[in-house]
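**Q** Below are the sequence and a predicted model; questions follow.
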Amino acid sequence: RMVLALLPAAADAEIKSAVLESGFDDCIVNPVFPVEVKNKLAFFYRAKEAAAEAARYRNKLDRTFGYLDRYRDKLAAVKKELHDERRELNNSLKQISLMTGERKRLKSKIKSCSQRIKDGVGEFARILSKLIETRVERNRGHALRVAEIACFVGREMELGAKELAALEKACLLHETGMLLLPGKLLDKDGTDLSGYEQDLLQHCPVKGAALLESFPGLEKASNTVRFLNENMDGSGRPEGLRGRNIPVGSRILAGADMFDELRFQESEEGMDGWFAKLEEYSGSRLDPLVVHHLQKYAATRLASDGRDRMKGVGIHQLEPGMTIGVSLFTAGGTKLFSADTLLDTEAIEKIIRYNREYPVNETIYIKA
């Protein structure tokens, strides 16, 4: 409500001031005019609203400054935390830098030790291979020749560098187990062996593998040697593995080992004799694809002149009457023809037909 003081016309400014100070909202001088009262009332309410609005803004401003003060305090606390974290981070970076330097040093030391171990294993393998050559091999250089043949086949079958290295070690050391046999047994030629002695020979690769796997760096080679006497038809030892369940290195080693033995057996038929023997073992003792690459090795590395000479031709150069020198496979591993197959028109058409869908080796070896 608005409280007005009604003053006489003669009231001066000092009286009006005293009235207002005593608590009246305003003064009005007699005589009273309604318009004047209405105007004073309107002004009073506008002033009240303005004061209330000002009070609201003042309260809001006070709250805002309160928020700012709290945010300033929080910011100071966060800034301090960030400073502390920055100091900890710098300390951590220093530690990481020290650890990185130590890691590089240890890595270099480990690399040096690994190289020394590798060199030591290589030297051990060479010494053991030389011992096998001196003590066991009937035909000197057998392990080296087997390694050369096996690596050729491995490259043809697209083995990786590590697999080839392990295969080479396995070839050089595949007769390690024979070092554990009695000397009298080694002196026999293999034709007068008892059943017990034959069983000992069959288990030689397993014993040799057990010896090799105890040396770091020879684990893969030992696994290859272990399954040397497994057969493709599942009749081998020690586990009777069949087909592709036999490790590829063991299949290659078995083929290369037999190839070198057949090569130095006396035969009037020359290379034809070994090829016939390899074909006999293909699918039973040996992997047919390995046999194919062994024949290819003989055709490209061993055949020179005379009856063993072969030449490579393309599919478009095949003619009826030619004799296949190396068994023929598709790229997918399907065997088309064995060695010594005499080609006729039907056989050539079959090769051309297969080559459209399953490419045949680019070079076909025929007997010259």
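**A** Perfect, I can see it now. Residues are numbered from 1 along each chain as shown.
**Q** From the contact counts, what lies against the helix or strand of the chain with the lowest mean pLDDT?
**A** The weakest-scoring helix or strand in the chain, judged by mean pLDDT, DSSP states H and E, is helix 183-187 (a mean of 71). Contacts defined by 3 or more C-beta pairs under 8 Å, 6 or more residues apart in numbering; DSSP states H and E place helix 183-187 against helix 195-202. C-betas here are computed from N, CA, C, even on glycine.
**Q** Identify all contacting residues around the following helix or strand past the helix it packs on.
**A** Per DSSP states H and E, the first helix or strand lying C-terminal to helix 195-202 is helix 204-212. For helix 204-212, contacts defined as C-beta atoms under 8 Å, 6 or more residues apart in numbering pick out 173-181, 218, 221-223, 225-229, 237-238.
**Q** hmm, try it at 10 Å
**A** For helix 204-212, contacts defined as C-beta atoms under 10 Å, 6 or more residues apart in numbering pick out 124-125, 128, 132, 136, 169-170, 173-181, 200, 218-230, 237-239, 250, 253-254.
**Q** Please apply the same query to stretch 31-49.
**A** Residues outside stretch 31-49 that contact it (C-beta under 10 Å, 6+ apart) are 1-4, 6, 9, 25-29.
**Q** State the distance from S17 to G23.
**A** To G23, S17 is 13 Å away according to C-beta to C-beta, to the nearest Å.
**Q** go on, R58?
**A** Here the criterion is C-beta to C-beta. By it, R58 lies 24 Å from G23.
**Q** what does R70 give?
**A** Per C-beta to C-beta, R70 is found 40 Å from G23.
**Q** Equivalent analysis for D62, please.
**A** Distance of D62 to G23, computed by C-beta to C-beta: 28 Å.
**Q** Going by residue numbers, what spans are strands in the stretch 201-350 of the chain?
**A** Secondary structure of the stretch 201-350 of the chain (DSSP state E, counting those that start in this stretch): strands located at 310-313, 328-329, 335-337.
**Q** Paired strands for the first one, with orientation please.
**A** Spelled out, that is strand 310-313. According to DSSP bridges, strand 310-313 forms sheet pairs with strand 364-367 (antiparallel).
**Q** One more: the shortest one?
**A** Sheet pairing for strand 328-329, assigned by DSSP bridges, gives strand 335-337 (antiparallel).
**Q** for the partner strand, which positions count as buried?
**A** Residues of strand 335-337 classed as buried: 336-337 (neighbour count, 16 or more other C-beta atoms under 10 Å).
**Q** can you list the residues that contact it?
**A** By C-beta under 10 Å, 6+ apart, the list of residues contacting strand 335-337 from outside reads 282-283, 288-289, 291-292, 324, 326-330, 343, 347, 350-351, 354-355, 358, 360, 364.
**Q** related to what we said a few turns ago, how about CSV for the contacts of stretch 31-49, with pLDDT, distance to V146 and secondary structure added?
**A** Formatted as CSV, those follow (pLDDT from 0 to 100; distance: C-beta to C-beta, whole Å; DSSP: H, G, I helix; E, B strand; the rest coil):
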residue, pLDDT, distance to V146, secondary structure
R1, 76, 122, coil
M2, 82, 122, coil
V3, 86, 125, coil
L4, 85, 128, strand
L6, 87, 135, strand
A9, 80, 141, coil
D25, 82, 123, coil
D26, 83, 125, strand
C27, 84, 130, strand
I28, 84, 131, strand
V29, 83, 135, strand
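**Q** From these, keep the buried residues only.
**A** 4, 26-27.
**Q** any idea which of these is closest to G314?
**A** Nearest to G314, judged by C-beta to C-beta, of the buried ones among the contacts of stretch 31-49 is D26 at 123.0 Å.
**Q** OK, contacts around the closest one?
**A** By C-beta under 10 Å, 6+ apart, the neighbours of D26 are 2-5, 16, 19-20, 37, 40-41, 43-44, 47.
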